[in-house]
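1. coordinates only, sequence not included:
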């Protein structure tokens, strides 16, 4: 247990030691950013949109009891940006991207491709780990704001069907209630989620063993551990944000 | 059976190397030298630590005790930077070829080159890739993916990928394992061509005696974790040692 924690510590610290120094793998980072975004986009669009519709629909009766349905756009906007968008994006990416990274690196490990990079005087950590972790850290915040936007569109569909509100009025009300702290907190949270997903996927893949069984285990562990850490980080981030809010 | 038949300084020197995995002692004080310009074949049964030995030489594994010097440098005590520099001079051809399966043959060959010779122009990189592919006789596969290649072709491309950095030493891990007899002959010829064309010194890990006979200047037999018989093919197998005789009989009398 303690040995594993020590190994994780070394693996993570290596990222901070090496990512600023040349040689840089800029092209590979861009390719990975495209892969991360492309792999998750369809599922995120669908999930975000449906979440927006369902959240608005479920919240309407409660607000109507107090005659406050005009607050619905604000409620949708705040809920999406503060929690739903980062959490949904993080969980979906942990499933889609984390498992994919775990399986890819795991497969490279058991077929000695990582060893082959090492013996050809190339730093496999730089090419495989740093590029993927940077890609998830950069791309997941972007996907988070995309999820929030798509979710707002879903919420608008519900609102406009019930009240014939214009999109600009809906958007104006939704955005008015969003503060700079909300945006900052969400961005930082998404960066942490992205880093976690990339790092967990890479660690599990990079250290996999026992042939194809190990590859499956790496992919599975990348998802389970990634999701678990995201929930813990969400709780911690919410607590810290509330300290700033009060 | 002289340990130093050429009276030269070895370019790889292994002294009293021990390595265990759990309770299993794989290497129990192995001593071996590789001299410049020779092909040294390491023979032994499966699981006797042949592959472990060349992984220790290339710094992929760490021995429990003993010293391994490559080109005069103690591999165990090198800094990461010095180890990278040393690896430029030591090519490693893997048993399963270990080609990067998401890259074409061209990208596989470019990968180590562009990362270690950053001042090369695109044309120079192309020339180097085509030249080394030509040397292994597979120029026509340049745009193919590894999954589209046969086992023999993959081995050749694996060798080409190590040759592109023009190493002084080649380490071959089971170069003929899993190949048909004709392809084995082609690989044996390629190993000899590499020695002539690139002036390499090689350690060839195998349990294929035909490969050993065709490619080896010297043979080193790994028995019980130690090199107990080192010399020419004839010297090594001219024995009544019951651990050695069945090896020869199985390969040449059946």
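-> Structure received. Not measured: the values here are computed from a predicted model.

2. give the contact list for residue A:119.
-> Residues in contact with residue A:119 (C-beta atoms under 8 Å, 6 or more residues apart in numbering or on different chains) are B:58, B:59, B:60, B:87, B:90, B:91, B:92. All C-beta spots, glycine's among them, are computed from the backbone N, C-alpha and C.

3. which SS class is the residue lying closest to it once chain neighbours are set aside?
-> Of all residues beyond its chain neighbours, the one nearest residue A:119 is residue B:92 (4.1 Å), with distances taken as C-beta to C-beta, 6 or more residues apart in numbering or on different chains. Taking DSSP: H, G, I helix; E, B strand; the rest coil as the rule, one finds residue B:92 in the strand state.

4. swap in residue B:9?
-> Taking three-state DSSP, the label given to residue B:9 is coil.

5. Isn't residue B:206 up against residue B:214?
-> No. Counting by C-beta atoms under 8 Å, residue B:214 is not a contact partner of residue B:206; they are 10.3 Å apart.

6. between the two, which one's more packed in?
-> residue B:206 (25 against 19; other C-beta atoms under 10 Å in any protein chain shown).

7. Farthest from the middle of chain A: give me that residue.
-> For chain A, the C-alpha lying farthest from the average C-alpha position belongs to residue A:67; by C-alpha atoms, centre = their mean, that distance is 36.0 Å.

8. Quick check: residues of the stretch 151-254 of chain B near chain A?
-> Proximity of the stretch 151-254 of chain B to chain A is assessed by C-beta under 8 Å from any C-beta of the partner chain, with B:161, B:162, B:165 identified as the residues in range.

9. wait, is the residue farthest from the centre of chain A part of a strand?
-> No. Remark: residue A:67 does not belong to a strand; assigned using three-state DSSP, it is coil.

10. Quickly find the element holding the residue nearest the centre of chain A.
-> Closest residue to the average C-alpha location of chain A: residue A:90 at 2.9 Å, with C-alpha atoms, centre = their mean. Under DSSP states H and E, the secondary-structure element containing residue A:90 is helix A:85-93.

11. can you give me the offset of that helix from its chain's centre?
-> Here the centre of helix A:85-93 is set off from its chain's centre by 5 Å, with C-alpha atoms, centre = their mean, to the nearest Å.

12. That one: what's the following helix or strand?
-> Counting by DSSP H and E, the next helix or strand C-terminal to helix A:85-93 is helix A:99-110.

13. Just want the angle from that next one to helix A:85-93.
-> Comparing the axes of helix A:99-110 and helix A:85-93 via axes from the mean of the first three to the mean of the last three C-alpha atoms, to 10 degrees yields an angle of 40 degrees.

14. Packing partners of helix A:99-110?
-> In terms of contacts (3 or more C-beta pairs under 8 Å, 6 or more residues apart in numbering or on different chains; DSSP states H and E), helix A:99-110 is packed against helix A:113-119, helix A:131-163, helix A:180-206, helix A:211-245.

15. Adding distance to residue B:72, write the ones you listed out as JSON lines.
-> JSON lines is the format used below for those (distance: least, C-beta to C-beta, whole Å):
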{"stretch": "helix A:113-119", "distance to residue B:72": "19"}
{"stretch": "helix A:131-163", "distance to residue B:72": "35"}
{"stretch": "helix A:180-206", "distance to residue B:72": "32"}
{"stretch": "helix A:211-245", "distance to residue B:72": "38"}
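
16. Next, format the ones you listed as TSV and append mean pLDDT.
-> Conversion of the helices and strands packed on helix A:99-110 to TSV gives the following (pLDDT from 0 to 100):
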stretch	mean pLDDT
helix A:113-119	95
helix A:131-163	95
helix A:180-206	96
helix A:211-245	93
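
17. Tell me which of those sits nearest to residue A:45.
-> helix A:131-163 (5.5 Å; C-beta to C-beta).

18. buried stuff in the closest one?
-> For helix A:131-163, the buried set under the neighbour-count rule, 16 or more other C-beta atoms under 10 Å in any protein chain shown, comprises A:131-156, A:158-159.

19. can you narrow those to ones near chain B?
-> Residues shared between the buried residues of helix A:131-163 and the neighbourhood of chain B: none [C-beta under 8 Å from any C-beta].

20. Could you report the pLDDT at the residue nearest to the centre of chain A?
-> Residue A:90 carries a pLDDT value of 96.

21. And residue A:47, by the same measure?
-> Reading off the confidence values, residue A:47 has pLDDT 95.

22. That one - how many residues pack around it?
-> 20.

23. Surely it and residue A:87 touch.
-> No. Applying C-beta under 8 Å as the test, residue A:47 and residue A:87 come out as separate, 10.9 Å apart.

24. Distance from the chain centre to stretch B:63-72, please.
-> On the basis of C-alpha atoms, centre = their mean, stretch B:63-72 sits 17 Å off its chain's mean C-alpha point.

25. what comes up buried for that stretch?
-> Residues B:63, B:66, B:68, B:69, B:70, B:71 are the ones in stretch B:63-72 that count as buried (16+ other C-beta under 10 Å).

26. Let me see the contact set for the nearest residue to residue B:200 once chain neighbours are set aside.
-> What sits nearest to residue B:200 in space, not counting adjacent residues and going by C-beta to C-beta, 6+ apart, is residue B:170, at 4.7 Å. When contacts are counted by C-beta under 8 Å, 6+ apart, residue B:170 is found next to B:90, B:91, B:92, B:93, B:159, B:162, B:163, B:194, B:200, B:201, B:202, B:203.
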